[in-house]
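**Student:** Sequence below, structure please.
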Amino acid sequence: MRNNHSRRPSPHFERKNEGVFHAVIVFLINTSCTLLQTKDENPFDTHYCIMLAFFVTLHAYVVALIAKMNLPPDTSACFRVVLNGTCHFSGALASILLLLIIVPPLGCLTFALWLVCFARAVCYWYRELYTWVYHANFRMFEILNLLLSPPMEEPIALLLPV
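**Tutor:** Below is the predicted model of the structure:
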């Protein structure tokens with residue numbers, strides 16, 4: 001009996017879904033900006049902090065997306081995960097911040113859901129990244145510990161090449 005749950009989707013499927021995600025984010029931001037233009041008041045006058053946060057997150061989204069698209073194929077998986085997470089969370093936050101201005105109750109609800117998803121992702125990836133850094137750079141931590149410890153009379157054997 002085959003276990004269909006353990007199969008990962010093909011890389012082509014993942015790239016196609018990435019494209020769909022970014023298309024949805026761009027569509028939501030474009031539609032929200034169009035709706036903001038139809039309002040009588042200037043959003044920079046009424047919601048300056050939200051608009052400033054929107055532009056910061058939008059720039060983070062664009063920079064992470066450009067960096068992700070220009071990654072060489074041999075880039076580490078950890079760096080790819082960080083860029084994917086930055087793209088997904090900053091793109092979603094940018095559209096949610098505009099929704100906070102257009103429909104505040106719905107914007108507050110989606111922002112609360114975004115915070116829950118973000119907190120869960122940070123907790124999960126914090127453990128993963130900590131484990132990866134600890135195991136990959138254990139020797140670096142040993143050398144740093146020896147450098148920060150009180151001076152010894154004998155030379156440090158770890159720093160000398162073998």
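**Student:** Does G85 touch F118 like I think?
**Tutor:** No: G85 lies out of contact with F118 (CB atoms under 8 Å); the separation is 9.2 Å. (Glycine included, C-beta is placed from N, CA and C.)
**Student:** Which residues does the host helix or strand of V63 contact?
**Tutor:** Taking DSSP states H and E as the criterion, V63 maps to helix 48-69. Residues from elsewhere that reach helix 48-69, judged by CB atoms under 8 Å, 6 or more residues apart in numbering: 22, 25, 29, 43-44, 80, 83-84, 86-87, 90-91, 93-94, 97-98, 100-101.
**Student:** now the strand or helix carrying L99 against helix 48-69, angle please.
**Tutor:** Following DSSP H and E, one finds L99 within helix 77-102. Relative orientation of helix 77-102 with respect to helix 48-69: 150 degrees, computed using axes from the mean of the first three to the mean of the last three CA atoms, to 10 degrees.
**Student:** which secondary structure elements does helix 77-102 contact?
**Tutor:** helix 11-38, helix 48-69, helix 104-136 (3 or more CB pairs under 8 Å, 6 or more residues apart in numbering; DSSP states H and E).
**Student:** Could you pull out the buried residues of the second one?
**Tutor:** This means helix 48-69. Neighbour-count burial for helix 48-69, counted by 16 or more other CB atoms under 10 Å, picks out 51, 54, 57-58, 60-61, 64-65, 68.
**Student:** May I see the residues you listed arranged in TSV, with pLDDT as well?
**Tutor:** TSV is the format used below for these (pLDDT from 0 to 100):
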residue	pLDDT
M51	91
F54	92
T57	94
L58	92
A60	92
Y61	91
A64	88
L65	88
K68	85
